[in-house]
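Colleague: what follows is a protein structure lacking sequence information:
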């Protein structure tokens, strides 16, 4: 199964998406969900409007969409499920700084991006290991 990596980025008033490993996939939307649906629509349009010989190899068989977020999009998407105070406890980054990242007031350095990603992966791993009796 092919993995199609789709990067989602926030702008001042919408979200945009593009595939980094499959030509021709570009999308936009007012929300992340709308943007994701537009990615699926872009793939459907490629399949509808082009002969199969011109399709990117990744969409000729089975594929899986893998979503990569910039920090702002990530926080906007998951900030409704995880509070900024909770994210502060998970990442160790003050919630005022997370708010600034979320609203595009500042951009995190590479080190901060890695810290956020590693912290969320660690937290997700802890959740995956939970058993409820």
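Modeller: Cool, the structure landed. Note that the coordinates shown come from a computational prediction; the quantities given were computed from them, not determined experimentally.

Colleague: helix/strand/coil for residue 16?
Modeller: Recorded secondary structure, residue 16: strand (DSSP: H, G, I helix; E, B strand; the rest coil).

Colleague: surely residue 105 is within a strand?
Modeller: No. Assigned with three-state DSSP, residue 105 falls outside any strand and is coil.

Colleague: host element of the residue nearest to it when sequence neighbours are not counted?
Modeller: Counting by C-beta to C-beta, 6 or more residues apart in numbering, residue 105 lies nearest to residue 99, which is 7.7 Å off, once chain neighbours are set aside. (Each C-beta comes from the backbone N, C-alpha and C, glycine too.) Per DSSP states H and E, residue 99 falls inside helix 95-102.

Colleague: could you give the angle of the helix or strand following that helix to helix 95-102?
Modeller: With elements assigned by DSSP H and E, the helix or strand that comes after helix 95-102 is helix 110-128. Inter-element angle recorded for helix 110-128 and helix 95-102: 100 degrees (by axes from the mean of the first three to the mean of the last three C-alpha atoms, to 10 degrees).
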